[in-house]
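Visitor: how would this look folded up:
(chains A and B)
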Amino acid sequence: MARKLSVDRRNFLKGAAVTGAAALVPDAVTAAAQAPPAEAGQAARPAAATAAREADPVVEVAGETTARPGGDFMVDVLKSLNIEYVASNPGSSFRGIHESIINYGGNTMPEFITCCHEESSVAMAHAYFKVEGKPMAVLAHGTVGLQHAAMAIYNAYCDRVPVYLMAGNSLDATMRRPGVEWAHSVQDAAAMVRDFIKWDDNPYSLPHFAESAVRAYKIAMTPPMMPVLIVLDGGLQEDPISPEVAPRLRVPKLTLAAPPQGDSGAVAEAARLLVNAQNPVIVADRLARTPAGIQRLIELAEALQAPVIDQRGRMNIPSRHPLNQSESAGQQIANADVILGLELTDFWGTVNAFRDALHRSSRSRIRPGTRLISINSVDLFAKSNFQDFQRYPEVDVAMAADAEATLPALTEAVKRLTTDDRRRAFQERRTRLEEAHARARQASKAEAAHAWDASPISTARMAAELWNVIRAEDWSLVSESGNTSGWAFRLWDFEKHHQHLGDSGGAGVGYGAPAAVGGALANKKHGRISVNIQGDGDFLYAPGVWWTAAHHRIPILTVMHNNRAYHQEVMHIQRMANWHQRGIDRHHIGTTITNPNVDFAKIAQGMGVYAEGPITNPRDLAPAFQRALAVVKKGEPALVDVVTQPR
Amino acid sequence: MKKLFGAAVLLLAAAVATAQEPKPAAQAAPAGNAETGATLWRNVGCWQCHGYEAQGGAAGPRLSGRNLPWTGFSAYVRRPANQMPLYTEKVLPTTDLAHIYAYVQSRPAPAQNVPLLQK
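Guide: This is a model prediction of the structure:
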């Protein structure tokens, strides 16, 4: 590909060796204008190169520089996409664009974020999107970086989040440096991740890059949103923009596609079912793509005075809204005669129970005849290999559409069909639901008082103490990888879109820590207090992200839910032991993180993060959280390690 | 993770309904020692889903402070109806289960009038 310009440039300048010269005009004018100073330190260079230089130093130096490498134009295109940050662990396959970003681009839009692992880069971009509503970029190094990135890409794919991925590669085999560059190069880079991205391309020229870069952005941002990948050939990045290509370089216009709305007939049918239902139930998962999604859901729920169950793939409904009946999800589903599922990951699992016993079995949770309505953008795009699509749900009305975009039309249709009689019935339902909501809140608080003084500290106590410290702030729960029995959702008042970012999507452990830092990066300019409830197993995947937080001054309050285990697996092993009857007390082998206990505060401190702990006495929580918050308010990350109950 | 949690919440509602269903004639619990029970609680895994203090959570319901009758308690452990893995007499003899029961019964009452939970 573009490496053709570098075909032994010195020989070319001497007028020897090259055929097809028309295609190979070097950027001689620019190079001459930028004649570099006589090179220092030649003695340190490999002998062959030094000899060549000594033979013909002037020509060599003039031909070896350019003021306008291809990477600069790539930066022009990226700037047009308004990408704020590019997260990256540095790698030579993209050294060209790296240098263009920092020097030509001034290290702004995008700004480089130094990461210690590609999984961190991608997970940061993943959560960043869920706060900011626009993609962040990631640069991954050839074969190795992209493979490191793969797990986090899969999480973003499952979570329907766009990440703007770029990977360096060196396609022209004859131009690769011997050794490492070969190991880091690949024929078809995107093949490594193609099963779980939405689109990719491998541009052959800079004009091709421009179109593909803009197209990739548009595809990523069209529901269902997913990561996209552009592979950047090293030659294209590093070599001069040739005079013949230069006139063809332009940045294509970006127009995002309006998200698809549900078919009007299907919307009318859904409205009819919902209005006539005795017990309609609305279930929302990855519904609210934007803050408008929350408002639209409330409008529909209030038009029907129907209960809403939040499966929490996004921040969908305020926790104090009286129609939020998430606490009694099982009961609501069991009583429903119509269920509306909005961007559900698993409609089948919502209406069926599955028993994890030696003889696996399932049973329906719903009454016979319950009608199911689905609005789901994922119906528009499916892949077959990775099985994140769950069991096939037998629904009655299916709209392959974006739920957030469809809600206004559905709400209007519901209002049109609502008679006075129905309105009275809705109002009665509302009264019942308000009471149930209030009772559930009280029940949660009563439940939280159990094991209040226990050590290890109860997850309810930890959540309650943390809430008390942040409740007066503009806070954002950027990640909750801790499996804390949902206490934050039961005790805190979630209201705004940025206050909850959903989860990893693919349940790939290791998402929590970098996602928290990425979410906090997005919150930074808004002056929000980012809060992270951090699982200990998750922390250990790629702890270098705490250094990234310290280095880039990303304020974030991290509270370790340190139950000293991969606890989900402890329970799985217990189950196997109980089934197999050969002893039931060795569940800790291969599952716990003890002996030695990890000192998370020390790890964090070693990376320049303020940290305290391990805390085992619940009375010590409040002052520790206060001290950590003070650090965060100064614009720095802080961590408090809390030794906790398992769940 | 979210899915697991969601599933657990749904389960809890079902669990409370089913746990005490098979109701053999009520029996007094065999004598048990709460301290021995505490060790067993940790060794055989009850803590994993029900919490060290039997306070419950997403993976299993609260058992403390409910004064569950021995009959229903022991019957459920032997033949759980839902997600809980069964414990047979072979791996958890009834004498041990009685100690565990004594431990659960001995858990302190919930804290009263906690200011943080009044707000």
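Visitor: need the helices for chain B, in chain order.
Guide: B:2-19, B:34-43, B:46-50, B:70-78, B:94-105, B:115-118 (DSSP state H).
Visitor: and if you look at the stretch 401-550 of chain A?
Guide: Listed in chain order, the helices found in the stretch 401-550 of chain A under DSSP state H, counting those that start in this stretch are A:403-417, A:420-448, A:459-470, A:487-491, A:512-524, A:536-539, A:544-551.
Visitor: Point out the one among those that comes closest to A:D337.
Guide: Closest of the helices of the stretch 401-550 of chain A to A:D337 is helix A:420-448, at 12.5 Å (criterion: C-beta to C-beta). Glycine gets a C-beta too; all of them are placed from N, C-alpha and C.
Visitor: packing partners for the closest one?
Guide: On a contact count with 3 or more C-beta pairs under 8 Å, 6 or more residues apart in numbering or on different chains; DSSP states H and E, helix A:420-448 meets helix A:459-470, helix A:487-491.
Visitor: can you tell which of those helices is closest to A:V338?
Guide: helix A:487-491 (25.3 Å).
Visitor: That closest one: how far from the chain's middle?
Guide: With C-alpha atoms, centre = their mean, to the nearest Å as the basis, helix A:487-491 stands 23 Å off its chain's centre.
Visitor: buried residues in that helix?
Guide: A:487-491 (16 or more other C-beta atoms under 10 Å in any protein chain shown).
Visitor: Stretch A:521-533 now?
Guide: Applying 16+ other C-beta under 10 Å to stretch A:521-533 flags A:521-524, A:528-533 as buried.
Visitor: Confirm for me that A:G635 is in contact with A:I556.
Guide: No: counting by C-beta atoms under 8 Å, A:I556 is not a contact partner of A:G635; they are 10.3 Å apart.
Visitor: Please say which of these two ends up with more neighbours.
Guide: Ranked by neighbour count (other C-beta atoms under 10 Å in any protein chain shown), A:G635 and A:I556 place A:I556 first, with 28 against 11.
Visitor: Enumerate every residue touching the more buried one.
Guide: Going by C-beta atoms under 8 Å, 6 or more residues apart in numbering or on different chains, A:I556 touches A:478, A:516-517, A:520, A:530-532, A:549, A:632, A:637-638.
Visitor: for the residue in the stretch 51-200 of chain A that chain B sits nearest to, phi and psi?
Guide: Nearest residue of the stretch 51-200 of chain A to chain B (C-beta to the nearest C-beta) works out as A:D159 at 10.1 Å. Per-residue torsions, A:D159: phi -90, psi 0 (degrees, to the nearest 10).
Visitor: I'd assumed A:D503 was in contact with it.
Guide: Yes: here A:D159 lies in contact with A:D503, judged by C-beta under 8 Å, at a distance of 7.3 Å.
Visitor: Need the overlap of contacts for the two.
Guide: Counting by C-beta under 8 Å, 6+ apart, the residues touching both A:D159 and A:D503 are A:G313.
Visitor: Give the burial count for A:T290, as a bare number.
Guide: Neighbours around A:T290, by other C-beta under 10 Å: 12.
Visitor: Go ahead and flag the most central residue of the chain.
Guide: Assuming you mean chain A. Residue closest to the mean C-alpha point of chain A, counted by C-alpha atoms, centre = their mean, is A:H126 at 1.7 Å.
Visitor: Which of the helices or strands spans that one?
Guide: Using DSSP states H and E, A:H126 sits within helix A:118-132.
Visitor: Look up the closest residue to A:N532, ignoring the ones flanking it.
Guide: Spatial nearest neighbour of A:N532, excluding adjacent residues (C-beta to C-beta, 6 or more residues apart in numbering or on different chains): A:A516 at 3.6 Å.
Visitor: before we move on, what about A:L407?
Guide: A:R296 (3.9 Å).
Visitor: Show me the helices in the stretch 51-200 of chain A, by range?
Guide: A:57-63, A:70-80, A:95-99, A:118-132, A:142-158, A:180-183.
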